[in-house]
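1. I would like to see how this sequence folds:
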Amino acid sequence: MRAGPVLAPRLAVGVVVAVFVSISLIGFVHVLFLPVGVGGIVLSFACIVALLLLQLLWYAGEPSRFRSPIGYGILAAQAGLAYLPILIFGQAWAGMPGFLAGSVLLALRPVVAWPVFGVIVASMGFAQAQFTGVPVDILYTSVSTVTTGLVVYGLSRLRALVVEVQRNRAEIARMAVLRERLRFARDLHDLLGYSLSAITLKVELTHRLIEKAPREASDQLLEILDISRLALSDARTVASGYRELSLEEECRSAASVLSAADVNVQIDADHTDLPVRVSTVLATVLREGVTNLLRHSKAKHCEIIIRQSRDHATIEIVNDDVHRARTPTPSGGGGGGLHNLSVRAAEIGGSVTAEREHKLFRLRAQVPLRPQRQQRDQSDVTSQPAGLPGDPDRIDSVACTELADDRGEVVADRADREEES
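-> Predicted coordinates for the structure are as follows:
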């Protein structure tokens, strides 16, 4: 599993070492053809090895240490190893200052490095003019120094870049896991929260009707069975991806649940066939709106308005008696559910607003009929719904806790109503 991430840096190091050793061997072979004796050959080999080790051990490491006092000292030592042997070996050593040219680009600031790089190239052209004076040789030596310097610079940065890429890939993978966990927690809240609240409400209603109206209680039990089957289906599909919802079915379900809660509901729907993603977002908004109504209010009236224009589709959920509400806001801080709605709507270019007017609470969502996924930066990936902790390992447990809280609040609401009646 980890062979790929480990292999890439090793391969980069192998390429760097192979190229640097090859360049050094070329210079050493040129020295072998000179009449310098054994002592000269040993001296040239020692200089080449020292120059190569400085290049590999220092400039193939982290770029942050290049521009440091030690780095400048190593650069000075490398300059000595690149130029002083020219006094002994002459033209055979003309390829070695290319290492110095590449190191200058690594160790100095660009505003200084490039002029110094040009000085090194010019100095080697001048040296070649002293050796042979042939224009072709001068041009060849200058171009060779430029090429060697750029190769040394590029390959010295190669390993650092490969390591950085590996780190970024690991971070992207971590973000992908975090995003999937957030999606899972969001879907659990949006899909199962409504079903559990509805089941709790209908069980309470059935308990009151079981002796007074057995037939109506039986009908309620059948509806509870249907809702529980839907919740089971939601639980199975939430882990596999985005679930499609029918706006019409959600309207019928909302009317049934609200009527069971003694809420006078009016649904004014004026729309034709909506795109699947638009219908799903609006249905999710309707679910969350009904769930919030049951959790945070003792509403007696609720109005659901659905409109479709040429370019947009909107849904408004208005209910009364919101003195117990926490005035949630879609942007966060008031509840994970409404924040999740704003995230879903924003993914297709829409928006969600929630506001309280006197004792009326209005939840409104508007989405375009031609959804276009908006581009989001990494800060959106790491942003979390309100109420979820920063540790991704706790996201699933927090989502389940929210659902348990939903159920407890619904039971408390029903108990309050029975006491008032």
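
2. where in this structure is pLDDT low?
-> By pLDDT under 70, the low-scoring segments of the chain are 1-8, 59-66, 180, 183, 187, 189-191, 236-243, 322-337, 371-421.

3. Break it down into its structural domains.
-> For the chain, whose domains are defined here by automatic domain parsing, the residue ranges read 3-171, 246-388.

4. looking at the ones you listed, which is buried most?
-> Most buried of the domains of the chain by mean neighbour count (mean count of other C-beta atoms under 10 Å) is domain 246-388; its value is a mean of 18. From N, CA and C alone the C-beta is placed, and that goes for glycine too.

5. List the contacts of stretch 29-37.
-> The contact list for stretch 29-37, computed with C-beta atoms under 8 Å, 6 or more residues apart in numbering, reads 40-41, 44, 88-93, 95.

6. now for the domains of the chain, which one comes closest to residue 210?
-> Shortest separation from residue 210 across the domains of the chain is recorded for domain 246-388, at 14.3 Å, computed as C-beta to C-beta.

7. How far off centre is that closest one?
-> Domain 246-388 has its C-alpha centroid displaced from the chain centroid by 26 Å (C-alpha atoms, centre = their mean, to the nearest Å).

8. And residue 298, its phi and psi?
-> Per-residue torsions, residue 298: phi -110, psi 50 (degrees, to the nearest 10).

9. With distance to residue 179 as added columns, please give the domains of the chain in JSON lines.
-> Shown next, in JSON lines, are the domains of the chain (distance: least, C-beta to C-beta, whole Å):
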{"stretch": "domain 3-171", "distance to residue 179": "12"}
{"stretch": "domain 246-388", "distance to residue 179": "6"}
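
10. Nearest to residue 215 among these would be which one?
-> Ranking the domains of the chain by their distance to residue 215 (criterion: C-beta to C-beta) puts domain 246-388 first, at 15.3 Å.

11. which one of the contacts of stretch 29-37 is nearest residue 298?
-> Taking C-beta to C-beta as the measure, residue 95 is the one of the contacts of stretch 29-37 closest to residue 298, at 87.7 Å.

12. dump the residue contacts of the residue nearest to that closest one when sequence neighbours are not counted.
-> Of all residues not flanking residue 95 in the chain, residue 27 sits nearest, at 4.9 Å (C-beta to C-beta, 6 or more residues apart in numbering). With contact taken as C-beta under 8 Å, 6+ apart, residue 27 is in contact with 44, 48, 92-93, 95-96.

13. From residue 86, how far off is residue 27?
-> 11 Å (C-beta to C-beta, to the nearest Å).

14. what's the closest of the domains of the chain to residue 196?
-> For residue 196, the closest of the domains of the chain is domain 246-388, at 9.1 Å, according to C-beta to C-beta.

15. got the residue ranges for the strands in the chain?
-> Read by DSSP state E, the chain holds these strands, from start to end of the chain: 264-270, 301-308, 312-320, 351-357, 360-368.

16. Check which helices and strands the third one sits against.
-> Helices and strands touching strand 312-320, as assessed by 3 or more C-beta pairs under 8 Å, 6 or more residues apart in numbering; DSSP states H and E, comprise helix 276-296, strand 301-308, strand 360-368.

17. what would these look like in CSV with distance to residue 349?
-> Output for those, formatted as CSV (distance: least, C-beta to C-beta, whole Å):
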stretch, distance to residue 349
helix 276-296, 10
strand 301-308, 16
strand 360-368, 5
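
18. Out of these, flag the one nearest residue 111.
-> Ranking the helices and strands packed on strand 312-320 by proximity to residue 111 (C-beta to C-beta) places strand 360-368 first, at 49.3 Å.

19. Who does that closest one pair with, and is each partner parallel or antiparallel?
-> According to DSSP bridges, the neighbouring strands of strand 360-368, each with its direction, are strand 312-320 (antiparallel), strand 351-357 (antiparallel).

20. Could you export these as TSV, including distance to residue 53?
-> Listed next are these as TSV, based on distance: least, C-beta to C-beta, whole Å:
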stretch	distance to residue 53
strand 312-320	68
strand 351-357	62
